[in-house]
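Novice: Could you look at this predicted model? Sequence included:
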Amino acid sequence: MPVNKVHGKAALASVGSFEHTIPPPFPHCKLVIIGASAGGSAVVRDLLADLTASYPLPVVLVQHLHPDDRGLLVENLDSEMTMPVVGVLDKMPLRPGRLHVAPADYHLLLESDSRLALSLDAPVHWSRPSIDLFFESAALIFKQDLCAILLTGANEDGAEGMQLISRLGGRTLVQDPASAAFPRMPQAAIDQHAAQWVLSVDRIAKSLKNLGAEVSNG
Amino acid sequence: MKIEDYDAEVNDIELSLLLEGIYQRYGYDFRDYARASVTRRMAQFMQDNSNSSLLDITGRLLRDPDYFYRLIPYFSVSVTALFRDPHFYAALREKVIPMLRTWPNFKIWHAGCATGEEVYSMAILLQEQGILPRAQLYATDISQAALDTAKAGIYSLDTMRKGSANYHQAHGGNTLSDHYHVRYNAAAMNAQLRRRITFAQHNLVTDKVFGEMQLVICRNVLIYFNENLQNRVLELLWESLDYGGVLCLGDKETLAFSPIVERFQVIDKHNHIYKKAV
Ligand SMILES: C[S@@+](CC[C@H](N)C(=O)[O-])C[C@H]1O[C@@H](n2cnc3c(N)ncnc32)[C@H](O)[C@@H]1O
């Protein structure tokens, strides 16, 4: 994302009524998770454009893919982003400063030792990976130390997972449906009262950057 | 009941008690299965049976074997396909078949063969390479129901259609239909293939080493286990291999996170094919 744009938003945010358009500090955060479906990969790239390998948190992406995808998303993202991108293999440990991408045609789950696990259980809401399933398993492990982001998509996956995260004290950010290529997925999370913050992609990007600084400074 | 509706910590204690109960009463050891998956599957079982707590389930299954046998399929989901991951079969043909040729006779073990599609795919590959008569194939699984299907070797035409697409992507030499015949809307694998395969029940967690294998195929089974159990099972697979023997894991499974990686040599990084180092 162009730097001048960030400055533009920061300037706006300092004007009284915009004060609350960026979430407050969240220094105890331990993990960032992202759910995306149709139209998602371009948004993910913009969202994480400013982050690097020195980002203090691990980031995990569950993006709906065609079952036959053989790692093309990982390759593309890795060539377009500064932060290194890795395709998840079973029991891979989480690493700060890495984007971990769920593979096609497996469910992704988080284990209590902070390893990523795969499963071949039946698709949930016609999706494998299912965003709900991963978000719920991450919520049970990281509880209030989790920051979850739900982006564009043409189905309702993710809303239930966001609900549980919110209930267990984590933070939930949802892409403003008005700015989404496919508004249904973020809208479902809003309708189910799972969205604590509804923000443009630029603002989510900014808050992720801030989050990194807050976590680093303890 | 939805996963949100119960207390996660209490649930986890109840889950430990349930798994301990199953182990003590029936001898099936699921205690070191990957926890997040088991949690979800048991939530599913509760929902499907309108049960309100894992403790209720535990009480009932300790006394009622039929109830236990209804629960067991939740631990062994047997999804598979003919020539699943076609690129893997291409790698087998290029990199593993030449090694097998150097043995006058050789043994192959499919650990966690599910309903058999994987071992028939192997038999087809060996036949097309002209070395099936030198092969003895063993196919094992924890699930007797899956093994019964595997032994019969009869599949739906839909299974064959998908298998055929995979077969061509794997650059199979002929057509898949050379290897089966259709009877009453179902496909039966040819007898020459079936004759080379021995099917048996075997539990990777509690049963012993399987013999001096030249090739062990264990795909999409380790994902069921936690890290600790994976290491134990990998130890068993290592012991079952002849020196110079080959181990193949699933498309998203790797030795990279296990200390046992030191005792293997990588043959194909992308397809997770390893050779037992001498
Ligand atoms: C997803 S299937 C894999 C089938 C085949 N290998 C493939 O990749 O297509 C996993 C199989 O592992 C079996 N399994 C699970 N736990 C096992 C155990 N402890 N011992 C042996 N097999 C087990 C299940 O019954 C199931 O049939």
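Specialist: Arrived safely.

Novice: For whichever residue of chain A sits closest to chain B, which non-adjacent residue is closest in space?
Specialist: Closest contact between chain A and chain B, by C-beta to the nearest C-beta, is at residue A:109 (3.8 Å). C-beta: built from backbone N, CA, C; applies to glycine. Leaving aside its sequence neighbours, residue A:109 sits nearest to residue B:36 (C-beta to C-beta, 6 or more residues apart in numbering or on different chains; 3.8 Å).

Novice: which residues touch the residue of chain A closest to chain B?
Specialist: Residue A:109 sits next to A:116-119, A:133-134, A:137, B:34, B:36-37, B:40 when contact means C-beta atoms under 8 Å, 6 or more residues apart in numbering or on different chains.

Novice: switch the cut-off to 7 Å
Specialist: By C-beta atoms under 7 Å, 6 or more residues apart in numbering or on different chains, the contact list for residue A:109 reads A:117, A:119, A:133-134, A:137, B:36-37.

Novice: Same question for residue B:257.
Specialist: Neighbouring residues of residue B:257 by C-beta under 7 Å, 6+ apart: A:91-92.

Novice: sorry, back to before: for the residue of chain A closest to chain B, what are phi and psi?
Specialist: Residue A:109 adopts backbone torsions of phi -140, psi 160, taken as degrees, to the nearest 10.

Novice: Those residues of chain A touching the ligand, which are they?
Specialist: Applying C-beta under 6 Å from any ligand atom, we find that chain A lies next to the ligand at residue A:120.

Novice: Could I get the pLDDT score of the residue of chain A closest to chain B?
Specialist: Residue A:109 carries a pLDDT score of 98 in this model.

Novice: if I look at it, how far off is residue A:148?
Specialist: 15 Å (C-beta to C-beta, to the nearest Å).

Novice: now residue B:10
Specialist: Going from residue B:10 to residue A:148 by C-beta to C-beta gives 24 Å.

Novice: Could you do residue A:71 as well?
Specialist: Distance, residue A:71 to residue A:148, using C-beta to C-beta: 24 Å.

Novice: of the two, who's got more company?
Specialist: residue A:148 (30 against 14; other C-beta atoms under 10 Å in any protein chain shown).

Novice: all strands of the stretch 1-150 of chain B, in order?
Specialist: Applying DSSP state E, counting those that start in this stretch to the stretch 1-150 of chain B gives strands spanning B:106-111, B:135-141.

Novice: Dump these into CSV; add distance to chain A and mean neighbour count as well.
Specialist: Formatted as CSV, the strands of the stretch 1-150 of chain B follow (distance: least, C-beta to the nearest C-beta, whole Å; neighbours: other C-beta atoms under 10 Å in any protein chain shown):
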stretch, distance to chain A, mean neighbour count
strand B:106-111, 16, 24
strand B:135-141, 14, 22
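
Novice: Let's have those in JSON lines, adding mean pLDDT.
Specialist: Supplementary listing: the strands of the stretch 1-150 of chain B in JSON lines, determined by pLDDT from 0 to 100:
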{"stretch": "strand B:106-111", "mean pLDDT": "98"}
{"stretch": "strand B:135-141", "mean pLDDT": "98"}
